[in-house]
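Engineer: What would the 3D arrangement of this be:
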Amino acid sequence: MILPGVGERQRKERMDMKQCFLSRRGPKAIGPYSTAAILDGLCFMSGMVPVDPATGKLAGEDIERQARQVFENIQTVMEEMELSMAHIVKTTVFLTDLSTFSAVNEIYAQFFGPDYPARSCVQVSALPMGAKIEVEAVASLK
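Structural biologist: Just a heads-up that it's a prediction; the model follows:
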């Protein structure tokens, strides 16, 4: 699962130790942090902004394109850790404009469900790289 090449017993023994995960296929960190930190059977994913991993630049100007890119990035990282979107139990969505909430909801529903994770959504004044959306997630490894 999280530790390729490590047996199930060894994984369980290491569950009480923090593990840091750096994505190889998803967007690169734009600061001194890990893509995710794993502890006690939970994966805490850093906030994802709509960066196209191939270019390192924001994906589009409109909220629909940016939201889709964020969820594609999360999905890529989850798959890289041999998990699925169904493992996500909580998300926090940061928007620079709450009037885009319904547009984001439509895209969100395409990536999650029918058992949606718990979610918070807040408006913020600005996000890294001028993004309109950022999403962080917590996933269960079980």
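Engineer: quick one: residue 106 is in a helix?
Structural biologist: Yes: assessed with DSSP: H, G, I helix; E, B strand; the rest coil, residue 106 lies in a helix.
Engineer: Quickly note the distance from residue 118 to residue 105.
Structural biologist: Note on residue 118: its distance to residue 105, by Cβ to Cβ, to the nearest Å, is 15 Å. Just so you know, the C-beta spots here come from the backbone N, C-alpha and C atoms, and that holds for glycine as well.
Engineer: Those two: which has the busier surroundings?
Structural biologist: residue 105 (13 against 10; other Cβ atoms under 10 Å).
Engineer: Report pLDDT for that one.
Structural biologist: In this model, residue 105 is scored at 97, pLDDT.
Engineer: Let me know the distance separating it from residue 70.
Structural biologist: Counting by Cβ to Cβ, the gap from residue 105 to residue 70 is 13 Å.
Engineer: Leaving aside the residues adjacent along the chain, what's closest to residue 64?
Structural biologist: Counting by Cβ to Cβ, 6 or more residues apart in numbering, residue 103 is the residue found nearest to residue 64 once chain neighbours are left out, at 5.7 Å.
Engineer: ugh, wrong one, I meant residue 125
Structural biologist: Nearest one to residue 125, counting by Cβ to Cβ, 6+ apart, is residue 96 at 7.2 Å.
Engineer: Give me the distance between the two termini of stretch 21-41.
Structural biologist: In terms of Cα to Cα, to the nearest Å, the two terminal residues of stretch 21-41 are separated by 14 Å.
Engineer: Sorry, slip of the keys, the one I care about is stretch 105-122.
Structural biologist: One end of stretch 105-122 sits 13 Å from the other (Cα to Cα).
Engineer: Now for the nearest residue to residue 75 once chain neighbours are set aside: which residues touch it?
Structural biologist: Computed as Cβ to Cβ, 6+ apart, the closest residue to residue 75 that is not its neighbour in sequence is residue 85, at 5.8 Å. When contacts are counted by Cβ atoms under 8 Å, 6 or more residues apart in numbering, residue 85 touches 74-75, 78, 111-112.
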